[in-house]
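Peer 1: Quick one, structure for this:
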Amino acid sequence: MSFFEEISPEMDRYLENHASSEPDILKRLRKETFQKTTQPHMISGFLQGRLLAIISKMLQPKNILEVGTFTGYATLCLTEGLAKEGKITTIDVNEELAYLPKKYFQESEFSAQIDFQLKDAKDFLKETDEIFDLVFIDADKENYPEYFHLIKSRVKSGAVILFDNVLWYGKVLEENSKQKSTQKIQELNDLVAKDEDFENLILPLRDGINLIRKK
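Peer 2: As a prediction, this is how the structure comes out:
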């Protein structure tokens, strides 16, 4: 099967039925995302969410950064592995939708560990002196290369960075694409693969996740 062929509903159900169960709070958030937003496909979803949770639990990070909150589904998945005194900073610019992640963050058992900021992530990264153990980026694709450049100095050895949507519905295979978002995702993938300070693998889960580890 091509990575870009749609997985059959039967296979999708099989994968979900043979993965660890989704916490109830995430089930409710996923349902409300589909009810209340115009682009619910932007949510990380069940399988990707379980991947984020498992990676977070493996690392037990003290400091997580998420760029692109949307409704907060991925945020809550990432909190599952937080160290006892750890925190996650999640950043978005969508003020109109902010009520939805805030609602579920307040309800979460990790509410005191979630710092939700409405601001430009590039500004945040230029201003902060924090060092992160785990970074998840699912935001404006045209800034992916800049995010990588800004984050490089903000992660320590052994830290993990994840970029979402790096296969871009197969458009990364296009040569001389005129679409800027496609060009920038191609640029990111090239940058990461050539950077000797990192090791990486693109996982063909959903629309592709670039899994990157700082050496």
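Peer 1: Could I get the full set of strands for the chain?
Peer 2: Using DSSP state E, the strands of the chain run over 63-67, 87-92, 114-118, 132-137, 155-164, 198-203, 209-214.
Peer 1: Quick check: pLDDT value at Glu130.
Peer 2: What the model reports as pLDDT for Glu130 is 97.
Peer 1: Show me what the nearest residue to it once chain neighbours are set aside is bridged to.
Peer 2: Of all residues not flanking Glu130 in the chain, Asn63 sits nearest, at 6.2 Å (CB to CB, 6 or more residues apart in numbering). Just so you know, the C-beta spots here come from the backbone N, C-alpha and C atoms, and that holds for glycine as well. Beta-bridge partners for Asn63, by DSSP bridges, are Lys87.
Peer 1: and Asn63, what does it touch?
Peer 2: 86-89, 130-134 (CB atoms under 8 Å, 6 or more residues apart in numbering).
Peer 1: which secondary element of the chain has the worst mean pLDDT?
Peer 2: Here the helix or strand of the chain ranked lowest by mean pLDDT, DSSP states H and E is helix 9-17, holding a mean of 88.
Peer 1: Just the residues contacting that one, thanks.
Peer 2: Contacts for helix 9-17 (CB under 8 Å, 6+ apart): 7, 46-47.
Peer 1: Look up how far Ser111 lies from Thr84.
Peer 2: Actually, residue 84 is Lys rather than Thr. From Lys84 across to Ser111, the span is 15 Å (CB to CB, to the nearest Å).
Peer 1: Same check on Glu85?
Peer 2: Taking CB to CB, one finds Glu85 at 15 Å from Ser111.
Peer 1: Quick check on these two: which one has the bigger neighbour count.
Peer 2: When neighbours are counted by other CB atoms under 10 Å, Ser111 comes out ahead of the other of Glu85 and Ser111, with 12 against 7.
Peer 1: now the more buried one, nearest residue through space, not along the chain?
Peer 2: Using CB to CB, 6+ apart, the closest residue to Ser111 is Phe105 (5.7 Å).
Peer 1: List the contacts of the one you found.
Peer 2: 72, 75-76, 111, 114, 116.
Peer 1: Relative to Ile185, which of the residues you listed is nearest.
Peer 2: Thr75 (22.5 Å; CB to CB).
Peer 1: ok, now which ones touch that closest one?
Peer 2: 66, 69, 88, 90, 101, 105, 114, 116 are the contacts of Thr75 under CB under 8 Å, 6+ apart.
Peer 1: shaky segments in the chain?
Peer 2: For the chain, the stretches with pLDDT under 70 are 1-6.
Peer 1: Show me where it has its helices.
Peer 2: Using DSSP state H, the helices of the chain run over residues 9-17, 24-36, 45-59, 73-79, 99-107, 121-127, 144-152, 180-194.
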